[in-house]
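>>> My questions concern the predicted model and sequence given below.
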Amino acid sequence: MIVLPAGIREAILERAREGTPEEICGVLGGAYDPDGRSRVASQYPAANVAENPRTRYEIEPEQQLAIFDRLEDRGEAIVGFYHSHPRGPDRPSETDAARATWPDRSYVIVSLEPLDVGSWRWRTGGDGADASGDRFEREELVVA
């Protein structure tokens, strides 16, 4: 489960609307629990530097490290990441699964068509969708 404050949800939605037709992205900070309830306390917008930002997202590595330093300075953990799908799907894409690298972290996806905000945890190993067992698992998203 991930708990997302209503104000942060609205800020991410607004940014996704303003960023259309390109995907927006960022990092979520707060209290991280790999097996239970993570709580978002902050969001850190990042520039999308993907070669084709209409269909994928990428956070520039130096900017990502700077965000991680800010999180650490504030005593926050990396809860996960967020990005938008301006034209759907309202779930992780094959590209999202191929590029996921943070086990047990949440990946919040904002879909504008259809409008939805959902969250998935990236799980590695075990039974799953591919030979290695790496997969996204839908998680409950509570707006508080």
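Great, that's in hand.
>>> When you work out contacts or count neighbours from here on, use the C-alpha atoms and nothing else.
OK.
>>> how close does Ile109 sit to His85?
According to Cα to Cα, to the nearest Å, Ile109 stands 7 Å off from His85.
>>> Compare those two (neighbour count), which wins?
More crowded of Ile109 and His85, by other Cα atoms under 10 Å: His85, with 28 against 25.
>>> Who is the more buried one paired with across the strands?
Ser111 (DSSP bridges).
>>> Then Ile59?
For Ile59, the beta-bridge partners are Asn48 (DSSP bridges).
>>> and the helix or strand of the chain with the lowest mean pLDDT, how far out from the chain's middle?
Least confident helix or strand of the chain, by mean pLDDT, DSSP states H and E, is helix 94-99 with a mean of 91. Put simply, helix 94-99 sits 12 Å off its chain's centre (Cα atoms, centre = their mean, to the nearest Å).
>>> May I have that helix exported as CSV, CA atoms only?
Extracted in CSV, the C-alpha atoms of helix 94-99 (Å, rounded to 0.1, in the frame of the first residue of the first chain):
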residue,chain,number,x,y,z
GLU,A,94,6.0,-3.1,-21.6
THR,A,95,8.7,-0.3,-21.7
ASP,A,96,8.0,0.5,-18.1
ALA,A,97,8.6,-3.1,-17.1
ALA,A,98,11.7,-3.3,-19.3
ARG,A,99,13.2,-0.2,-17.7
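>>> Which secondary structure state does Arg17 sit in?
What DSSP: H, G, I helix; E, B strand; the rest coil gives for Arg17 is helix.
>>> for the protein, which spans come out with low pLDDT?
Scanning the chain for pLDDT under 70 picks out 126-132.
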